[in-house]
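> Sequence plus predicted model, see below.
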Amino acid sequence: MEILTTSNIMFTLGVIGTIIGVYKSINNPQKELEKGQAINEERDKSKATLLEQKEVDTKAQLLAQQMNTERENNNRRFEELGKRLDASFLLASNHIHTVDTKVDILTKEVSGLTNKITELATIINERIPCGKK
């Protein structure tokens with residue numbers, strides 16, 4: 001009996017071809033599936049990155065808007081404070097001027113009274129000499 005007959009070789013090649021065909025039919029879809037999954041994962045990562053970037057941009061815009069609002073509020077408060085300080089200085093200046101005017105008038109009156117008191121003291125000293133008791 002010969003093992004290397006034409007029919008045995010053809011049968012062996014058919015079995016080997018069938019095995020290779022089954023292997024390829026199982027292996028190729030698996031590779032394509034893995035490639036598709038890898039591509040989808042990369043696409044999902046880029047989408048996630050884009051979403052994260054949009055989220056960061058949104059947060060940055062919100063912070064910038066809050067910063068501008070706070071800056072405007074602070075400017076408004078400082079302007080109000082400046083106006084109040086100006087009004088306070090003006091009021092204080094007016095009061096100081098009023099007090100200064102009243103002190104001048106009082107000084108003139110006291111000066112006039114001092115002259116009168118000196119005159120009265122002189123008259124009293126002339127009429128009642130200090131040496132007589």
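Looks like it came in fine. Numbers count the residues shown, from 1 in each chain.

> and residue 107, how many neighbours?
Neighbour count for residue 107, taken as other CB atoms under 10 Å: 10. Glycine gets a C-beta too; all of them are placed from N, C-alpha and C.

> And the pLDDT at it?
With respect to pLDDT, residue 107 scores 90.

> again, but for residue 1
Here, the pLDDT recorded for residue 1 equals 59.

> and if you look at the one 3 residues further on?
At residue 4, the predicted lDDT confidence score is 75.

> Give me the phi and psi angles of it.
phi -90, psi 60 (degrees, to the nearest 10).

> okay, now it: neighbour count?
7.

> likewise residue 114?
Residue 114 has 10 neighbours, counted by other CB under 10 Å.

> separation between it and residue 108?
Applying CB to CB, to the nearest Å, the value for residue 114 to residue 108 is 11 Å.

> Do a quick rundown of the helices in the chain.
All helices of the chain, identified by DSSP state H, fall at 6-127.

> and residue 5, how many neighbours does it have?
The burial count for residue 5: 10, using other CB under 10 Å.

> The one residue sitting closest to the centre of the chain and residue 79, how far apart?
Centroid check for the chain by CA atoms, centre = their mean gives residue 67 as the closest residue, at 4.4 Å. Distance of residue 67 to residue 79, computed by CB to CB: 19 Å.

> ok, now residue 18?
From residue 18 across to residue 79, the span is 91 Å (CB to CB).

> still on that earlier bit, now do the shared contacts for residue 114 and residue 108.
Residues touching both residue 114 and residue 108 (CB atoms under 8 Å, 6 or more residues apart in numbering): there are none.

> shaky segments in the chain?
Scanning the chain for pLDDT under 70 picks out 1, 130-133.

> 50 instead, please
133 (pLDDT under 50).
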